[in-house]
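Novice: Please work out how this folds:
(chains A and B)
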Amino acid sequence: MERKKTSLYQLHQDCNAKFVEFAGYQMPIQYSEGIVEEHKFTRNHSGIFDVSHMGQLFIYGGEDLIKDLEKIFPLDLKNLKLNHSKYSFLMDKDAGIHDDLIITKINEGFLIILNAACKDNDFKILKELLREKYKMVLDENRSLIAIQGPKSSQVLNKVVDGVNDLNFMSGNWFSFENQKVYITRSGYTGEDGFEISIPNDFADKLTRELIYKGSKLIGLGARDTLRLEAGLCLYGHDLDKDKTPIEANLKWAISKERISKGDFIGSDIIIKQLNDGVSKIRVGIKPEGRIIAREKTKIFNQSYVYIGEITSGTFGPSVNGPVAMGYVENEFSKKDTKVFLEVRGKKHPASICSLPFYKKSYVKGVN
Amino acid sequence: MSEVKYSKEHEWIKLDGDVATIGITKHATEMLGDIVFAELPEKGSNVEKDGTAGVVESTKAASDVYTPVSGEVVDTNQAIVDDPSKINQDPENSAWFFKLKIKDPAEMDTLMNKDDYDKFAKETSA
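Specialist: Numbering: from 1, shown residues only, chains lettered A, B, ... in the order given. The predicted model follows:
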């Protein structure tokens, strides 16, 4: 099957991108400066990420839609203010995670940003659950560009006036070249930043202007090291259908009010796990020394008994050392618990740690 | 000192008497990207031609380092373990990996010279 290309493909080539296949798309893994420099540039200045492969699902509707979506997502959507966003998940009846997502209330209904590898399946599931009552558009005509890092509001504001006024996890419609662009103050790097939904034909121009104002394109390689340092989950690795949001240590994303009613898909299991606890839970793991423990690395307790597995692990350029997260049996999940990681046949010491590995205070509006 | 030879696994080797210095090529570092971890064989251990004799890791993946000839490890370069980014900066000189007291000088004849290696690297990365 031929790989799909985003609207920025030519620009990626112009910037000497190395490409990889990702979820059926030809995507830049890095540019000439390399993953470590791109990572640091994002932390210190601002990096531009082409995330156009992600799904932009518009669902149009009013009060009925809110009620129907509350049967699906564990969110208090009727009290979600216009242009405000929430992190959530699409679950099955056993609370296994089909996808993690950001849902934003817009004037006409909701905009849901979905993972690239999951978007077609999510669309099918949602269409079935909503019994085709609402107009749903998985919009292939719009690109999604993220700009992340401490200088991103300064840079973006020069190109799209007014974005400075957005609070964290909220958005609005802005204008670029007389086109309607929807911008949210959000991202997935642990930095202040924005995600810009823009018609395909204007994505290249917007991105080139951001570069002209001092920002740089950043590949998927650095996106991965940035999100891992920030303790954020990657679907298909840290989250999947065999893990629930409670096991993933994401209960903060579930509305307390909705739990008390318990009338959403997967709520039985969620409530049970909240009451009885879970047998495995996601934790941060810091290897001692420089050894890198990658996905599928086995985790052992002090008596060399298997207690779990790494789901993401790499070298964190800002931490200047290895970082990982994974699932361990609940009794070993306390901070500072000593564990062993089996890398290339040898057991290496590591400790359970709190997430994120790297923290910066967000701008206004953070709770 | 003899000419530098190269292996298909992208190691370089320089023989001085019966001691060979081994590292990975500039081409290898370009393929790997930023190297953030290096593991070397133990001093005093014996390594066999084409066997693994270390590991390098980029942010994305781990790759084995092979030895192009057999011998006893007589020295290792701790500087690249402490700061693996040195491997990207100067792979074919100061960022050598290990030194071997070689077992069989004839093994050197199985390796490529610079021209052949450059051609090989170009063909395999195309």
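
Novice: List of residues touching stretch A:128-140?
Specialist: Residues outside stretch A:128-140 that contact it (CB atoms under 8 Å, 6 or more residues apart in numbering or on different chains) are A:55-61, A:64-65, A:68-69, A:71-72, A:109, A:119-120, A:123, A:126-127, A:265. Using the backbone N, CA and C atoms, a C-beta is placed for each residue, glycine as well.

Novice: Pull out the buried residues from those.
Specialist: Among those, those classed as buried by neighbour count (16 or more other CB atoms under 10 Å in any protein chain shown) are A:55-59, A:61, A:65, A:68-69, A:72, A:109, A:119, A:123, A:126, A:265.

Novice: ok, and of these, which contact chain B?
Specialist: Filtering the buried ones among the contacts of stretch A:128-140 for proximity to chain B by CB under 8 Å from any CB of the partner chain leaves nothing.

Novice: So which residues on chain A come close to chain B?
Specialist: Residues of chain A lying near chain B (CB under 8 Å from any CB): A:29-30, A:34-37, A:39, A:221, A:224-225, A:290-292, A:294, A:314-315, A:317, A:322, A:344.

Novice: Of the residues you listed, which belong to helices?
Specialist: Mapping the residues of chain A next to chain B onto helices (DSSP state H) picks out A:35, A:36, A:37, A:39, A:221, A:224, A:225.

Novice: For burial, what's the neighbour tally of the residue of the stretch 201-350 of chain A found nearest chain B?
Specialist: For the stretch 201-350 of chain A and chain B, the shortest gap (CB to the nearest CB) falls at residue A:315, measuring 3.8 Å. Look at residue A:315: counted by other CB atoms under 10 Å in any protein chain shown, it has 26 neighbours.

Novice: near chain A, which residues of chain B show up?
Specialist: Counting by CB under 8 Å from any CB, chain B comes close to chain A at B:33-34, B:36-37, B:55, B:57-62, B:81, B:84-85.

Novice: For residue A:257, which non-adjacent residue is closest in space?
Specialist: Closest residue in space to residue A:257, ignoring its immediate chain neighbours: residue A:76 at 5.3 Å, by CB to CB, 6 or more residues apart in numbering or on different chains.

Novice: And the helices in the stretch 251-367 of chain A?
Specialist: Secondary structure of the stretch 251-367 of chain A by DSSP state H, counting those that start in this stretch: the helices cover A:256-261, A:267-276.

Novice: Now restrict the residues of chain A next to chain B to buried residues only.
Specialist: Applying 16+ other CB under 10 Å to these, the neighbour count classes A:29-30, A:34-37, A:39, A:221, A:224-225, A:290-292, A:294, A:314-315, A:317, A:322 as buried.

Novice: what about stretch A:237-254, distance to the chain center?
Specialist: When C-alpha coordinates are averaged (CA atoms, centre = their mean, to the nearest Å), stretch A:237-254 and its chain have centres 13 Å apart.

Novice: just stretch A:310-321 next, same as before
Specialist: Per CA atoms, centre = their mean, the centroid offset for stretch A:310-321 relative to its chain is 17 Å.

Novice: What is the neighbour count of residue 103?
Specialist: As the question left the chain open, I've gone with chain A. Look at residue A:103: counted by other CB under 10 Å, it has 22 neighbours.

Novice: wait, I meant chain B there
Specialist: Neighbourhood size, residue B:103 [other CB under 10 Å]: 16.

Novice: Please identify the most buried of the helices of the stretch 251-367 of chain A.
Specialist: Among these, helix A:267-276 has the highest mean neighbour count (mean count of other CB atoms under 10 Å in any protein chain shown), at a mean of 15.

Novice: how about the strands in the stretch 1-150 of chain A?
Specialist: In the stretch 1-150 of chain A, strands defined by DSSP state E, counting those that start in this stretch lie at A:18-22, A:25-30, A:47-50, A:55-60, A:85-91, A:97-106, A:109-114, A:135-138, A:142-148, listed in chain order.

Novice: Name the residue of chain B with the shortest distance to chain A.
Specialist: Of all residues in chain B, residue B:36 sits closest to chain A, at 3.8 Å by CB to the nearest CB.

Novice: And the contacts of the host helix or strand of that residue?
Specialist: Using DSSP states H and E, residue B:36 maps to strand B:35-39. Contacts of strand B:35-39 with the rest of the structure, by CB under 8 Å, 6+ apart, involve A:36, A:290-292, A:315, A:317, A:322, B:29, B:54-59, B:62, B:80-81, B:84-85, B:87-88, B:97.

Novice: That one pairs with which strands?
Specialist: Paired neighbours of strand B:35-39 in the sheet (DSSP bridges): strand B:52-58 (antiparallel).

Novice: what about the strand it pairs with, average pLDDT?
Specialist: Taken as a whole, strand B:52-58 has an average pLDDT of 96.

Novice: Would you mark the buried spots in it?
Specialist: Within strand B:52-58, the residues scored as buried using 16+ other CB under 10 Å are B:53, B:54, B:55, B:56, B:57, B:58.

Novice: Need the residues that contact that strand.
Specialist: Contact partners of strand B:52-58, identified using CB under 8 Å, 6+ apart, comprise A:35, A:292, A:315, A:344, B:22, B:24, B:32-41, B:47, B:62-67, B:73, B:84, B:87, B:97-98.

Novice: Only alpha carbons, please: show it as PDB.
Specialist: Output in PDB follows, covering the C-alpha atoms of strand B:52-58 (Å, rounded to 0.1, in the frame of the first residue of the first chain):
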ATOM      1  CA  THR B  52      29.400  -9.100  19.400                       C
ATOM      2  CA  ALA B  53      31.900  -7.000  21.300                       C
ATOM      3  CA  GLY B  54      29.800  -4.100  22.500                       C
ATOM      4  CA  VAL B  55      26.600  -2.100  22.100                       C
ATOM      5  CA  VAL B  56      25.800   1.400  21.000                       C
ATOM      6  CA  GLU B  57      22.400   3.000  21.400                       C
ATOM      7  CA  SER B  58      20.700   6.000  19.900                       C
END
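
Novice: how about low-confidence regions in the chain?
Specialist: Answering for chain A, as no chain was given. Scanning chain A for pLDDT under 70 picks out A:1, A:361-367.

Novice: that's the wrong chain, I meant chain B
Specialist: For chain B, the stretches with pLDDT under 70 are B:1-2, B:126.

Novice: I'm done for today, thanks for sticking with me.
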